[in-house]
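**Student:** requesting a structural model of the entry that follows:
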Amino acid sequence: MNLTDSVTIVTGAGQGIGEAIAVRLAGAGAHVAVVDLILGLGELVAGRFGDRGRKSIAVHFYVSRWADVEGMRDRV
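**Tutor:** The predicted structure is shown next:
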């Protein structure tokens, strides 16, 4: 899979399956927005992609808050 320079958003990416998906997407060349309820976890995951030449950001996100949805959209 070649996703070179694609921009991806992965929710729940601070751990578990979401983290694995984010890692796989970055490995395929994508820039990754690591979105999670726990910002610190997202920051740890996002920090792993810089050495691969990928851009990444961690975004705090709570799916039930519309302001968080809009904030995520604006940051990405």
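
**Student:** quick one: secondary structure of residue 72?
**Tutor:** helix (DSSP: H, G, I helix; E, B strand; the rest coil).

**Student:** shouldn't it be in contact with residue 58?
**Tutor:** No - contact criterion Cβ atoms under 8 Å: residue 72 and residue 58 do not qualify, at 10.8 Å. C-betas here are computed from N, CA, C, even on glycine.

**Student:** and these two? which has more neighbours close in?
**Tutor:** residue 58 (23 against 19; other Cβ atoms under 10 Å).

**Student:** ok so that one is a helix residue?
**Tutor:** No - using three-state DSSP, the assignment for residue 58 is strand, not a helix.

**Student:** bridging residues for it?
**Tutor:** residue 34 (DSSP bridges).

**Student:** per-residue confidence averaged over the longest helix anywhere in the chain?
**Tutor:** Across the chain, the longest stretch assigned as helix under DSSP state H is helix 16-27. Helix 16-27 carries an average pLDDT of 95.

**Student:** contacts for it next, please.
**Tutor:** Residues outside helix 16-27 that contact it (Cβ atoms under 8 Å, 6 or more residues apart in numbering): 3, 8, 10-13, 32, 34, 36, 45, 48-49, 52, 54, 56.

**Student:** ok, 6 Å please
**Tutor:** 8, 10, 12-13, 32, 34, 45, 49, 52, 54 (Cβ atoms under 6 Å, 6 or more residues apart in numbering).

**Student:** list the buried residues in it.
**Tutor:** 18-19, 21-23, 25-26 (16 or more other Cβ atoms under 10 Å).
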